[in-house]
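*Asks:* with the sequence up front, the predicted model follows.
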Amino acid sequence: MISDLVKNISPFYVMDILEEANRLEASGKEVFHFEVGEPDFSTPAEICAAAVKSIDDGFTKYSSSLGIEKLRNAIADDYKRTYGVQVSHERVIITIGSSPALLMSMLTILDPGDEIIITDPYYACYPQIISVARGVSKKVAIHEEDGYQIDIKLLKKSINSKTKAILVNSPSNPTGTLLEKETMQKVCDLGQLIISDEIYHGLVYGKKENTILEFTDNAIVVSGFSKLYSMTGWRLGYMIVPPNLVRYVQKLQQNLFISANPFVQMAGVEALEKIKIKSGDIAKLFNERRVAMLEALKSIGFEFSYEPMGAFYIFVNSSRFSKDSYKFAFDILENTGVAVTPGIDFSERGNDYLRFSYATSIDSIKSGIEKLGKYLS
Ligand SMILES: Cc1ncc(COP(=O)(O)O)c(C=O)c1O
């Protein structure tokens, strides 16, 4: 009765930790949330007001399956303004978050057994999304000592007749790495379709991120509003696809999701037109938290040979303490109230690692890591 697909799908381990952390918190225990992948601040008031106004204005029915034109145009304008790339709004498709955008990308290009190359460690859901679309994840290891940059020779070797695309994610979850411009160019020069997950764009510190569209048109961009605008629960994302794929994605959207929520789409217009301007302040805040987290982790004896430059994560080797990241994360939580994500979520090689999110206050970072330090020593 239960499909093999569902039987074989891995859980998203971070949710196990989050649920336990929430249970402990509800029972009165102090919990430090370094596990969650979402900003701690509320969605900006202007965005909320735009959604409410749009409900009053009647944006409460299905929209076009491709999305409301005003938002598609605003996204095209944003790519022009931010990266200098010209994108027709006709290539922009609005989705219910970047997760469905990833799923529709895979469903659009994969036949059973086709391969998608992903760098390892990877965002936990990639292999699952690929297998739901009956594809196979081909993992190419990236290493801390290389700053988690891609080894192009290794990447090239992993391409074969089954390869349908290379999936890149810069800035990355779980490492926070920003791909170098030259690396992005070399990845594109391999001539494969690139799927570029740009969900952490805007959250970059001291450097500038690049969209894949600066290097190639043979790409599907997947992105959304969850992270930069603290809109995780709103479920709003988008894809920018090559013109020949628009109709295929549209057919999927019509059948699977019909359309994204229209008043949420109108809130997205407000986010791009008003809040994007202030996004430097958001990045500045996250940078302060990043520095605080790196210093705090170093002060309790963690060592790392790379510096995360984007998103709000650091992937830390914890093999000195444990080789079982899942058990270790639960030990830490039960004994200190510090919630972290086990590295096993992001790689079969990830048991030596923990992911710390710094999407929380500096006070919480300082107190939580101090508690962790006392426990570990
Ligand atoms: C790399 C990456 N891609 C995609 C997503 C999904 O984001 P959403 O579906 O909220 O847009 C996440 C969420 O954590 C992520 O880290």
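*Replies:* Done, it's in. Numbering: from 1, shown residues only.
*Asks:* look at F315 and give its secondary structure.
*Replies:* strand (DSSP: H, G, I helix; E, B strand; the rest coil).
*Asks:* list the buried residues for stretch 179-199?
*Replies:* 179, 183-184, 186-188, 192-199 (16 or more other Cβ atoms under 10 Å). For the C-beta atoms, the positions are set from N, CA and C on the backbone; glycine is no exception.
*Asks:* the ligand versus S172, what's the distance?
*Replies:* 7 Å (Cβ to the nearest ligand atom, to the nearest Å).
*Asks:* burial count for K164?
*Replies:* 21 (other Cβ atoms under 10 Å).
*Asks:* who are the packing partners of whichever strand or helix holds it?
*Replies:* Element membership for K164 (DSSP states H and E) is strand 163-169. Strand 163-169 sits against helix 98-109, strand 115-120, helix 181-189, strand 194-197, with contacts defined as 3 or more Cβ pairs under 8 Å, 6 or more residues apart in numbering; DSSP states H and E.
*Asks:* what's next to that strand, contact-wise?
*Replies:* 105, 109-110, 114-119, 122-123, 126, 135, 138, 150, 155, 179, 184, 187, 190, 192-197, 199-200, 212, 220 (Cβ atoms under 8 Å, 6 or more residues apart in numbering).
*Asks:* so in that sheet, which strands flank it, and in what orientation?
*Replies:* Applying DSSP bridges to the sheet, strand 163-169 is found paired with strand 115-120 (parallel), strand 194-197 (parallel).
*Asks:* using a markdown table, lay out the ones you listed together with mean pLDDT and distance to the ligand.
*Replies:* Shown next, in a markdown table, are the strands paired with strand 163-169 (pLDDT from 0 to 100; distance: least, Cβ to the nearest ligand atom, whole Å):
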| stretch | mean pLDDT | distance to the ligand |
| --- | --- | --- |
| strand 115-120 | 98 | 11 |
| strand 194-197 | 98 | 5 |
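*Asks:* can you lay out those strands as a markdown table showing distance to L376?
*Replies:* What follows is those, written out as a markdown table (distance: least, Cβ to Cβ, whole Å):
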| stretch | distance to L376 |
| --- | --- |
| strand 115-120 | 27 |
| strand 194-197 | 33 |
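*Asks:* contact partners for the residue in the stretch 251-377 of the chain positioned nearest to the ligand?
*Replies:* Of all residues in the stretch 251-377 of the chain, A311 sits closest to the ligand, with a separation of 7.4 Å (Cβ to the nearest ligand atom). By Cβ under 8 Å, 6+ apart, A311 lies in contact with P171, S172, N173, G176, Y200, L203, K227.
*Asks:* E370: neighbour count?
*Replies:* That count, for E370 with other Cβ under 10 Å as the rule, works out to 16.
*Asks:* how about S299?
*Replies:* So S299, with other Cβ under 10 Å, has 12 neighbours.
*Asks:* for R355, see how far away the closest residue to it other than its chain neighbours is.
*Replies:* Closest residue to S299 apart from its sequence neighbours, by Cβ to Cβ, 6 or more residues apart in numbering: G373 at 7.0 Å. G373 is 18 Å from R355, where distance means Cβ to Cβ, to the nearest Å.
*Asks:* skipping adjacent residues, who's closest to S347 in space?
*Replies:* P121 (3.9 Å).
*Asks:* what backbone torsions are found at P342?
*Replies:* Phi and psi for P342, reported as degrees, to the nearest 10, are phi -70, psi 140.
*Asks:* what's the pLDDT at it?
*Replies:* Per-residue confidence (pLDDT) for P342: 96.
*Asks:* how many other residues sit next to the closest residue to it other than its chain neighbours?
*Replies:* With Cβ to Cβ, 6+ apart as the criterion, P342 has its nearest non-adjacent residue at 3.6 Å, and that residue is S325. As a burial measure, S325 scores 26 neighbours (other Cβ under 10 Å).
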